[in-house]
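> got a predicted model here, sequence first, then my questions.
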Amino acid sequence: MSQDAAPVRALDASAGQAGGREPLRRIVITLGPILVSLVLAGGVLLAVGVDPIAYYGFVLDRGLLSPLGLQQTLTRMAPLLFIAAGLIVAFRAGMWNLGGDGQFLLAAVTAAASAPLLVQTLPSWLALLVACLFSAFVAMIWSLVPALLRAYQGVNEIITTLMMSFLGVSFANVLVKLVFLDPATTVPQTRTLPVADRLPRLFETTVTSGLLFGLATIVIVHLVMTRTAFGLKLRIVGANPRAAIHAGLNVPLLTVAVFAISAGLIGLGAAVDIVGIQGNVRADWNPAYGFAIIPVVFLARMNGFAAIGFVFLLSVLWIGGESAARRLGVPQSFTLVLVAIVLITLALAEYLDHRFNQARRA
Amino acid sequence: MSGLFSNVFLTALLFGAVTAAIPLLLAGLGEQMSEKAGVLNIGIEGMMISGAYLGFVGAYYSGSFGVGFLTGALGGIAVAALMALLCVRIGLNQIVIGIALTLGLEGLTALLHHFQFSRSYPRLPAVPITEIPLLADIPILGPALFKHHLIVYFSVAMVLVMIWVYRRSQLGLNLQAAGDKPAALDVAGIDVIRTRTIAVLFTGTMAGLGGAFLANVGAGLFIPFITNGAGFLGIVLAMLARGRPVWVLVGALIFGMCLSLTTAAQVAGINVPTDVIQMLPFLAVMVMLVLFGRRASLPAALGIPYERGAR
């Protein structure tokens, strides 16, 4: 974004968070659009000859109501929360880190390559910790080029992060196929971390403890960004970079720090996904979480608590959609359509609500 | 290896470069107008995939490539109209809507393809070629550059048209103002919303054509997610070109050459995994950005919805 473009949005976001709205309206303008999108997406299903009621029944049943499905949904939230936390830091500082997918996949490959080897020598918990740190570090390195270009050359980070993302995704595949290939299997994939060595499950369920780390991380990030001096500095950089320079802030250094934190958190999310849930990385595996989370963070107005709610919603749709797609023969890509319609209607509702408020005040 | 640099090989290499460059050129020229007018059109990837699908369907059922390009352009325009409505008229966040449109159209086209063709991927016949007399007889260059479908010449001609529009026409001035100081344009009595809507619709047309080219000419078939980042490359080209159509052409050709070289390397038996090949164009962009990045300047009001009377 050009330097003048950032302030409007960044300030807007903090203003929305400061203005205390009654929770009821908040719920109405969130659930209303979701119902509308379900109807619209149902129309798409009808058009291709699938019974929407049956489809949504499966989505609800699998994503939210059945114990196993709910546990899957909660498990899916773990990496997404880290990604959302990473994006909140970047977006609040006015930097559009759109390269989450590349950072995520490279970090995932790092975790998958290092964890199975580390557990052979180190105690399990230490091995996982080291693997997570490795992952975060690799993601940070990958964000360094866009960070330095933006900080010292003023190069727009939207392009650089997008390009590094495409590069990272391909590079991660090259690593899986050529370098970290598990010689024991015929399918190209990394070594698999034994289930016993993965992050512990919560209580008697299948939900990964990564969920707790994710929740803690996003809450901490939210508090740091809204309640600390460091967070204020970043928000000033986001609101008005020129004013930040005049206020004596080291903007280039803060820029690099923002990218490092943002990518590091996304890398942690990948590590938690690998050492907690997946266990390995298969070739050509790209869940494209980062790209789907970007609009979610915007809709949450970069508020950590709101982001938790939206991430939960997205996970329900995702898990439920995967299962419904299998059972009704609808390709998985329908979930993308549903998510897109939800995003657009939510953005529209936000706008209408804003308009309504303005009209009432006037 | 002796045949590697034979005339036939060079011709094929250049021909491939042009074929690979055209979708990027179309996307880049389209995106350039949006960016000039102050709309960061992240949804261009969605417009391209829409154009690719409808372009393919049109050509497949009518048997005519002309009809295919027409439906492709309409596919792009349809998405652009939605984008213009949501981001220009209503003023929703361009990044949110752009990403949503990209995700949604990628999903929708894959879905439609599934229900229409199931798991089969029918191919189109070879593209009809228009030779340019005399020029096509030049050794090596002739067959590579002057034996293409009409749309290729049209795309290159659009570069000249765009230069004229930006330099000489009232519309060009309006677009520039809509991107740099929309309030000034408004005061001058010209509708900012309308100017920006024109720009977005133009982007949709070009992106739709580019997508249709990618599917119908480049691949000869439609597969889900076929655009694979081509729209984003268009955004990059537009940003690097700093509002100059010629540089979009140059950038697109460099990219096209990269893509063509890697295909050629495979044909020549140099064994590289496809992932390495896919990295090359992006690597080229990063190198260009590191070298020339400082010069990528953008309109002042890029990404900011215009609201009349707002502070």
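Received, thanks.
> give the contact list for residue 305.
All of this is about chain A. A:219, A:222 (C-beta atoms under 8 Å, 6 or more residues apart in numbering or on different chains). Just so you know, the C-beta spots here come from the backbone N, C-alpha and C atoms, and that holds for glycine as well.
> my question was about chain B, not that one.
Residue B:305 sits next to B:87, B:88, B:90, B:91, B:92, B:94 when contact means C-beta under 8 Å, 6+ apart.
> restrict those to those near chain A?
B:90, B:91, B:92 (C-beta under 8 Å from any C-beta of the partner chain).
> low-scoring pLDDT stretches of the stretch 101-250 of chain B, where are they?
B:140 (pLDDT under 70).
> swap the cut-off to 80 and go again
When residues are selected by pLDDT under 80, those of the stretch 101-250 of chain B lie in B:118-120, B:127, B:130-148, B:242.
> chain neighbours aside, what residue packs nearest to residue B:30?
Excluding the flanking residues, the one nearest residue B:30 by C-beta to C-beta, 6 or more residues apart in numbering or on different chains is residue B:206, at 3.0 Å.
> any idea how many residues pack against that neighbour?
33 (other C-beta atoms under 10 Å in any protein chain shown).
> picking that back up, now, of the contacts of residue B:305, which are buried?
When the contacts of residue B:305 are checked for burial by 16 or more other C-beta atoms under 10 Å in any protein chain shown, the buried set is B:87, B:88, B:90, B:92, B:94.
> now do the SS call for the residue of the stretch 151-300 of chain A at minimum distance from chain B.
Relative to chain B, the nearest point of the stretch 151-300 of chain A is residue A:155 (3.7 Å; C-beta to the nearest C-beta). Of the three states, residue A:155 takes coil under DSSP: H, G, I helix; E, B strand; the rest coil.
> that one contacts residue A:147, doesn't it?
No - using C-beta atoms under 8 Å, residue A:155 is not in contact with residue A:147, being 10.3 Å away.
> up against chain B, what does the stretch 151-300 of chain A have?
A:153-156, A:158-160, A:162-164, A:166-167, A:170-171, A:173-174, A:177-178, A:291-292, A:294-295, A:298-299.
> if we use 6 Å, what do you get?
Contact residues, the stretch 151-300 of chain A versus chain B (C-beta under 6 Å from any C-beta of the partner chain): A:153, A:155, A:159-160, A:162-163, A:166-167, A:170, A:173-174, A:294-295, A:298.
> keep only those of those residues that are in helices.
In this view, these that belong to helices under DSSP state H are A:159, A:160, A:162, A:163, A:166, A:167, A:170, A:173, A:174, A:294, A:295, A:298.
> now the closest residue to the fifth one other than its chain neighbours: phi and psi?
Sequence neighbours aside, residue B:282 is the residue nearest to residue A:166 in space, at 4.5 Å (criterion: C-beta to C-beta, 6+ apart). Main-chain torsions, residue B:282, degrees, to the nearest 10: phi -70, psi -40.
> and the next helix or strand past the helix or strand harbouring residue B:51?
In the assignment (DSSP states H and E), residue B:51 maps to helix B:44-62. Once the chain leaves helix B:44-62, the next helix or strand it forms, by DSSP H and E, is helix B:65-83.
> quick check: buried residues in that following helix?
B:65, B:67-80, B:82-83.
> residues of the helix or strand following that helix that come out buried?
With elements assigned by DSSP H and E, the helix or strand that comes after helix B:65-83 is helix B:94-117. Going by neighbour count (16+ other C-beta under 10 Å), the buried part of helix B:94-117 is B:94-114.
> which is the next helix or strand following helix B:94-117?
strand B:130-131.
> for that next one, which strands pair with it and how are they oriented?
With DSSP bridges as the test, strand B:130-131 is paired with strand B:147-148 (antiparallel).
> after the strand it pairs with comes which helix or strand?
According to DSSP H and E, the helix or strand after strand B:147-148 is helix B:150-168.
> for that following helix, the distance to its chain's centre please.
Relative to its chain's centre, helix B:150-168 lies at 14 Å (C-alpha atoms, centre = their mean, to the nearest Å).
> which residue sits closest to residue A:99 in space, ignoring its chain neighbours?
residue A:161 (3.2 Å).
> neighbours of the one you found, how many?
31.
> pretty sure it is touching residue A:100, no?
No - with contact defined as C-beta atoms under 6 Å, residue A:161 and residue A:100 do not form a contacting pair (8.2 Å).
> tell me, what's touching the two both at once?
By C-beta atoms under 6 Å, 6 or more residues apart in numbering or on different chains, residue A:161 and residue A:100 have no common neighbours.
> can you give me how far the helix or strand encompassing the residue nearest to residue B:30 is from the chain middle?
Taking DSSP H and E as the definition, one finds residue B:206 inside helix B:192-213. Put simply, helix B:192-213 sits 10 Å off its chain's centre (C-alpha atoms, centre = their mean).
> helix B:94-117 and that helix, what's the angle between them?
If you take axes from the mean of the first three to the mean of the last three C-alpha atoms, to 10 degrees, helix B:192-213 sits at 40 degrees to helix B:94-117.
> helices or strands next to helix B:192-213 in the packing?
helix B:7-36, helix B:44-62, helix B:65-83, helix B:170-180, helix B:182-187 (3 or more C-beta pairs under 6 Å, 6 or more residues apart in numbering or on different chains; DSSP states H and E).
> show me which residues of chain B sit near chain A.
Residues of chain B lying close to chain A by C-beta under 6 Å from any C-beta are B:90, B:92-93, B:96, B:99-100, B:103-104, B:106-108, B:110-111, B:114-115, B:229, B:232, B:236, B:239, B:275-276, B:278-279, B:282, B:285-286, B:289, B:293-294, B:298, B:300, B:302-304.
> and residue 123, how many neighbours?
No chain was given, so I picked chain A. Residue A:123 has 10 neighbouring residues, counting by other C-beta under 10 Å.
> sorry, I should have been clearer: chain B.
Residue B:123 sits with 11 neighbouring residues when counted by other C-beta under 10 Å.
> residue B:207 now?
Neighbour number of residue B:207 under other C-beta under 10 Å is 40.
> give me the distance between it and residue A:301.
According to C-beta to C-beta, to the nearest Å, residue B:207 and residue A:301 sit 30 Å apart.
> which one of residue A:155 and residue A:147 is surrounded by more residues?
Neighbour count, other C-beta under 10 Å: between residue A:155 and residue A:147, residue A:147 has more, with 25 against 22.
> state the pLDDT value of residue B:39.
Residue B:39 is assigned 89 on the pLDDT scale.
> which SSE is it in?
Secondary structure from DSSP H and E places residue B:39 outside every helix and strand.
> now do the phi/psi pair for it.
phi -110, psi 120.
> OK, contacts around it?
Counted by C-beta under 6 Å, 6+ apart, residue B:39 has contacts B:196, B:200.
> name the nearest residue to residue B:290, ignoring sequence neighbours.
residue A:149 (6.9 Å).
> go on, residue A:295?
Leaving aside its chain neighbours, residue A:295 sits nearest to residue B:96 (4.4 Å; criterion: C-beta to C-beta, 6+ apart).
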